[in-house]
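# Structure here, sequence nowhere to be found:
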């Protein structure tokens, strides 16, 4: 654990217990579980625990227990204080439910038959497959996933559970990962999205009519998700405040960063007045060593970066083996009115910090013809007789 802990989640993890991941389907949980397994090791992680008969099994020897398991399972196996080691992910309920419906249709298993035929009456889908309704609330309140009626009490319980857990939001995956890694106290290797499934003819599940009905059957999940997004914003602010409040000496910041194919130093060029959203990644050093925390502030919004990611180019560029984990990554959303980014980086083990201001320069985008690959331009020219 770093010298100054900026984890905003109440309490501290219990080293006598595994990390306990209640994995709600279709929330980027597979990406997170494989990320954790790559860090903790195959033998120390129990993934997809819902596949096994675990009655009477002692699971305390694992470093991570993950599965499509609700809070009742973890309470039964690890006691009422399991939340200190608990984590989960939330996702926009409409997007999550549609993704789950498509996933069920695409893969053999329970309920596939209910979704094989083209959906003509969306409400009937939720009556036949009730786990598509308010599933996130069910998981976090211990309500059976195939329950038809879910009330306000379950929503209140789910909110209380969420407030006690480390959690993330799928739509802010990089930010969520940065906070989770801060709580767990270790870095991670590179990570990519996993377990994406798409059907070949899902226009019925993607139709506006299905979305409207999905919202109606996920009314509690919509409230839970709004609560989670507000709580995540609060935790990000607490995380940044804790980092800035720690005593540290100022040092220069070194490294290479990229955003939208640009190498970023003191300036970033963006076209027109549009919103720019993309990965912000590279490697950072303070006084020759990797940073262990970093965030960007743009137009009042804080965006944590995931630190300590494997970056071989950092080690090669500096000829220092300690810098092989100098990588950082985050997803920035730069609004049209923003004029600068502020980058803050920290080496808490040595009580060092660094700051860099990056000016945002708006430029006119080049004409479309200049942006097309040469092969396409040649083909267009032939069609036009040029």
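Noted; the coordinates are in hand. Source: prediction; values computed, not measured.
# In space, what's closest to residue 209 - neighbours in sequence excluded?
In this structure, residue 209 finds its nearest non-sequential neighbour in residue 122, 5.9 Å apart by CB to CB, 6 or more residues apart in numbering. Where C-beta positions appear, they are placed from N, C-alpha and C, glycine not excepted.
# gap between that neighbour and residue 133?
12 Å (CB to CB, to the nearest Å).
# what about the two, which has more around it?
The neighbour count for residue 122 versus residue 133, taken as other CB atoms under 10 Å, is higher for residue 133 (26 against 19).
# and the closest residue to the more buried one other than its chain neighbours, what is it in contact with?
Sequence neighbours aside, residue 217 is the residue nearest to residue 133 in space, at 4.2 Å (criterion: CB to CB, 6+ apart). Contacts of residue 217 were listed using CB atoms under 8 Å, 6 or more residues apart in numbering, and they are 97, 123, 126, 132-134.
# Most widely separated two among those?
123 and 134 (14.7 Å; CB to CB).
# More neighbours: the two, which one.
Taking other CB under 10 Å, residue 123 and residue 134 do not tie; residue 134 has more neighbours (30 against 13).
# residues contacting that one?
93, 150, 154, 217-221.
# Tabulate the residues you listed (CSV), appending secondary structure and pLDDT.
Formatted as CSV, these follow (DSSP: H, G, I helix; E, B strand; the rest coil; pLDDT from 0 to 100):
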residue, secondary structure, pLDDT
93, helix, 98
150, coil, 95
154, helix, 98
217, helix, 98
218, coil, 98
219, helix, 98
220, helix, 98
221, helix, 98
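# Give me the buried entries from the residues you listed.
Neighbour counting by 16 or more other CB atoms under 10 Å classes 93, 150, 154, 217-218, 220-221 among those as buried.
# Please tabulate the residues you listed in TSV, including the columns distance to residue 30.
Below are the buried ones among the contacts of residue 134 laid out as TSV (distance: CB to CB, whole Å):
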residue	distance to residue 30
93	19
150	25
154	26
217	24
218	21
220	24
221	20
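# just curious, which of the residues you listed is nearest to residue 357?
Closest to residue 357, out of all of the buried ones among the contacts of residue 134 and judged by CB to CB, is residue 93, at 38.5 Å.
# residues of the host helix or strand of residue 210 that come out buried?
Using DSSP states H and E, residue 210 maps to helix 208-217. When burial is assessed from 16+ other CB under 10 Å, helix 208-217 yields the following buried residues: 210-211, 213-214, 217.
# Repeat that for stretch 44-59.
Using 16+ other CB under 10 Å as the test for burial, stretch 44-59 gives 45-47, 49, 54, 59.
# Pull up the distance across that stretch, start to finish.
Terminal residues of stretch 44-59 are spaced 10 Å apart (CA to CA, to the nearest Å).
# Check the average confidence over it, would you?
Stretch 44-59 shows a mean pLDDT of 95.
# How about stretch 263-273?
Mean pLDDT, stretch 263-273: 90.
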